[in-house]
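Engineer: Compute the structure for the input listed below.
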Amino acid sequence: MNKQLMNPEELLSGIVEANDKANTYAAAKQQPNDVVNHPQHYTRYSIEVKDLIVEVSEYFPPKMVFAIGNVIKYVLRAPFKGSCLEDLEKAQFYLAGAIHIYKDLRDLRGGEEYKWQN
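Structural biologist: Next comes the predicted model:
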């Protein structure tokens with residue numbers, strides 16, 4: 001098995017970035033509900049929803065990113081904001097859109113599946 005090790009600078013950079021995100025998240029949890037920058041229905045998890053969307057989006061074709069981001073947003077906020085059913089239906093709407101976009105992209109590629117980045 002050929003494992004590629006990260007160089008120390010990359011490793012340190014990743015640790016610093018993760019620490020910065022953790023500190024930002026911890027600070028947001030200690031402050032009163034910031035309805036503009038950090039609404040409670042997006043900060044209930046160990047990672048803020050917007051940060052998860054950014055992280056996940058890089059693995060999808062650019063044309064799908066908006067729809068996938070909305071699926072994540074609506075599913076994760078559903079139990080905490082307004083009507084759970086309404087948010088789940090919104091997520092379903094955007095997921096159907098993402099599937100439609102994916103099928104169109106696949107057809108344009110002659111039926112070839114999209115290859116995600118590793």
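
Engineer: Which other helices and strands does the helix of greatest length in the chain contact?
Structural biologist: In the chain, taking DSSP state H as the definition, the longest helix is helix 84-108. Applying 3 or more Cβ pairs under 8 Å, 6 or more residues apart in numbering; DSSP states H and E, one finds that helix 84-108 contacts helix 65-77. To be clear about C-beta, it is placed using only N, CA and C from the backbone, and glycine gets the same treatment.

Engineer: what about the helix it packs on, average pLDDT?
Structural biologist: On average, the pLDDT along helix 65-77 is 94.

Engineer: Over to stretch 93-102?
Structural biologist: 96.

Engineer: CA atoms only: put it into CSV for me.
Structural biologist: Output of stretch 93-102 as CSV, limited to C-alpha atoms (Å, rounded to 0.1, in the frame of the first residue of the first chain):
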residue,chain,number,x,y,z
PHE,A,93,-37.5,20.3,-4.3
TYR,A,94,-33.8,21.2,-4.5
LEU,A,95,-32.7,17.6,-4.4
ALA,A,96,-35.0,16.9,-7.4
GLY,A,97,-33.3,19.8,-9.1
ALA,A,98,-29.8,18.6,-8.3
ILE,A,99,-30.7,15.1,-9.7
HIS,A,100,-32.1,16.7,-12.9
ILE,A,101,-28.9,18.8,-13.4
TYR,A,102,-26.8,15.7,-12.7
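
Engineer: Could I get the buried residue list for that stretch?
Structural biologist: Within stretch 93-102, the residues that count as buried by 16 or more other Cβ atoms under 10 Å are 94-95, 97-98, 101-102.

Engineer: Run through who's touching the longest helix of the chain.
Structural biologist: With Cβ atoms under 8 Å, 6 or more residues apart in numbering as the test, helix 84-108 has contacts from 60-61, 63-64, 67-68, 70-71, 73-75, 77-78, 81, 112-114.
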